[in-house]
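> Okay, structure incoming, though there's no sequence with it:
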């Protein structure tokens, strides 16, 4: 695993961070970019990514507000955010967004400013609630169907999925419905921006499907800060599913044990909840679905045992959905982590990326 983790830009100069906020396909006027005071980007597996930038809103020469009364940053207009460094790897497009809010500030002292927030264009998933019946389709097939309906590419990596005879999306927003389906089967949902086309790709897949470790970060070197939390409050050694087979009209019992899901084992810690079990009842199509539900639920619980937050130098390619190899922390907390959310900030202090993550089971 360690050998597949890539170092952070060998030979890259991290002393000259830069960014651009541009209308799609063209450059923003230089004088407008010079008014940008700071910019931040945030994403997460349970939220639509967004960015916010603050501009100087006062023209001292004309003694008038530059942008709050103008058309440069009208809500509904599209903007692209690029972040990175001069030379080397250059700038990377983080997202294409649609301006959704303006927040002017008129302070008692200092210059008036305007904060502009843009949401990923996928926020349109929340435009209209839908009622749709899905028959004989797996969750990944349902995700693809929703993507086709909305004109958005959806990337899937199915894991032992079985088709549902009948599934109802009952007056729900598509994005909310997909998030709920992902949680139910132990999948994650996140957005990735294609660098060449600028298209947003929606990922609907288990985090275990990611084979490449994005970065190797070592405490005291490339990892600036890291605060993991290990908790066993919700941990169990096994999940038992009592189910009812609709077709055969019989009871099913499926059991998933810690050893069944593989991954890292800390026997000293696991001894503390060795006798704990979670029991749940569901209606399923067959025994295979009951077994999958049990394993997915146990895997989801195991993901919560070690969660952490950290920060590193600005890395525009580090996003929600990335895997990280973290080391320099000792036997218990070294390992592979899955980034559940990131925040990228550029201001007078430079460029830093902070992240939330969970230890992969």
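Thanks, I have it. Everything quoted here is computed from the prediction, not taken from an experiment.

> any idea how far the closest residue in space to residue 294 that isn't next to it in sequence is from residue 229?
Closest residue to residue 294 apart from its sequence neighbours, by C-beta to C-beta, 6 or more residues apart in numbering: residue 256 at 3.8 Å. From N, CA and C alone the C-beta is placed, and that goes for glycine too. Noted for residue 256: a distance of 25 Å to residue 229, by C-beta to C-beta, to the nearest Å.

> Residue 132 is in contact with residue 169, isn't it?
Yes. Residue 132 is in contact with residue 169 according to C-beta atoms under 8 Å; the separation is 4.4 Å.

> dump the residue contacts of the residue nearest to residue 294.
Taking C-beta atoms under 8 Å, 6 or more residues apart in numbering, we find residue 256 in contact with 238-239, 241, 291, 294-295, 297-298.

> likewise residue 166?
If you count contacts by C-beta under 8 Å, 6+ apart, then residue 166 has 133-135 around it.

> Nearest to residue 109 among those?
residue 134 (58.0 Å; C-beta to C-beta).

> so what pLDDT did that closest one get?
We have a pLDDT of 94 for residue 134.

> quick one on the thing from earlier: neighbour count for residue 132 and residue 169, which is higher?
For residue 132 and residue 169, the more surrounded residue by other C-beta atoms under 10 Å is residue 169, and the numbers stand at 20 against 16.

> Roughly how far does the more buried one sit from residue 251?
Taking C-beta to C-beta, one finds residue 169 at 29 Å from residue 251.

> Now tell me what touches the longest helix belonging to the chain from outside.
Counting residues, the longest helix found in the chain (DSSP state H) is helix 287-303. Residues outside helix 287-303 that contact it (C-beta under 8 Å, 6+ apart) are 160-162, 183-186, 207-208, 234-236, 238-241, 243, 245, 252-258, 260-261, 263, 278, 280, 282, 284, 338, 358-361.

> surely residue 81 meets residue 98?
No. Judged on C-beta under 8 Å, residue 81 makes no contact with residue 98 at a distance of 12.0 Å.

> Touching both of the two, which residues are there?
Contact criterion C-beta under 8 Å, 6+ apart; residues bridging residue 81 and residue 98 by contacting each: residue 118.

> quick one: which of these two has more around it?
When residue 81 and residue 98 are compared for neighbours, residue 81 comes out ahead with 27 against 17, by other C-beta under 10 Å.

> picking up where we left off before, which two in the contacts of residue 256 are spaced the farthest apart?
Using C-beta to C-beta, the pair of the contacts of residue 256 lying farthest apart is 238 and 291, separated by 12.7 Å.
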